[in-house]
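[1] Structure for this input, please:
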Amino acid sequence: MFTRSELEIKTIKELSELCLRYGIKPTGNKGYKTSWITSLMVFPQMALSQFEPGKGLKPPTFAFMQALSNAIDEMNAPTDEQAALIKITMEGRIMNYPDRYTQEKLLALHKAKMYLELALGLLSK
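    Next up, the predicted model:
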C-alpha cells in the first residue's frame, strides 16, 4: 500500500496524521519515524492475516446465509398493483392520511427487501 521511500520523505507529523486517518497506532516510541513507518507498512498484511483465521470481521455462517435467504423468500414479491404504488411513491407522490402510513410501510418493506438481497449478494462473493 505504502512504499518505504514514499513514507521516508514524510515528517513525523505527516506520518502521525496518516496513522490517525486510518486508526493505526505506532509500534514503539512515537518520537521515531520508524515506529510510524513500520505501522503504516505492515497494517495491510496484518489485516489480511487476521481475516483468514476469523479474527475481527468475519463472514457469516452458512446457517445465517440460509436464514437470510429464507427471510427474503418469506417477504415474497409485490403484486402488480403494489409494484406500481412503490414506483409512484418513489417518484414522490403520496396518498392522504391514514393510507399514507400503509404506503410508507409498503415502501419501507420494499427497500428492506432490496437491501437484504444486496447484502446476500455481497456476502455470497
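[2] hmm, who's touching the biggest helix by length in the chain?
    Taking DSSP state H as the criterion, the chain has its longest helix at helix 99-123. Contacts with helix 99-123, where a contact means C-beta atoms under 8 Å, 6 or more residues apart in numbering, come from 59-60, 65, 68-69, 71-72, 75, 78, 82, 85-86, 89-90, 94-95. For glycine as for every other residue, the C-beta is placed from the backbone atoms N, C-alpha and C.
[3] Quick check on the residues you listed: which are buried?
    Leu68, Ile72, Pro78, Leu85, Ile86, Thr89 (16 or more other C-beta atoms under 10 Å).
[4] which residues touch the second one?
    Ile72 makes contact with Lys113, Leu116, Glu117, Leu120 under the criterion C-beta under 8 Å, 6+ apart.
[5] gap between it and Tyr115?
    Going from Ile72 to Tyr115 by C-beta to C-beta, to the nearest Å gives 10 Å.
[6] now do the fourth one
    Relative to Tyr115, Leu85 is positioned 19 Å away (criterion: C-beta to C-beta).
[7] How about the first one?
    Between Leu68 and Tyr115 the computed distance is 11 Å (C-beta to C-beta).
[8] Next: the last one.
    The spacing between Thr89 and Tyr115, counted by C-beta to C-beta, is 17 Å.
[9] Over to the fifth one?
    Ile86 is 14 Å from Tyr115, where distance means C-beta to C-beta.
[10] circling back: in helices only, show me the contacts of helix 99-123.
    Those of these lying in helices (DSSP H): Met65, Leu68, Ser69, Ala71, Ile72, Met75, Gln82, Leu85, Ile86, Thr89, Met90.
[11] okay, the closest residue in space to the last one that isn't next to it in sequence: pLDDT?
    With C-beta to C-beta, 6 or more residues apart in numbering as the criterion, Met90 has its nearest non-adjacent residue at 7.2 Å, and that residue is Leu107. At Leu107 the predicted local confidence, pLDDT, stands at 97.
[12] picking that back up, of the contacts of helix 99-123, which is the nearest to Cys19?
    Pro59 (27.9 Å; C-beta to C-beta).
[13] per-residue pLDDT, the closest one?
    On the pLDDT scale, Pro59 is placed at 88.
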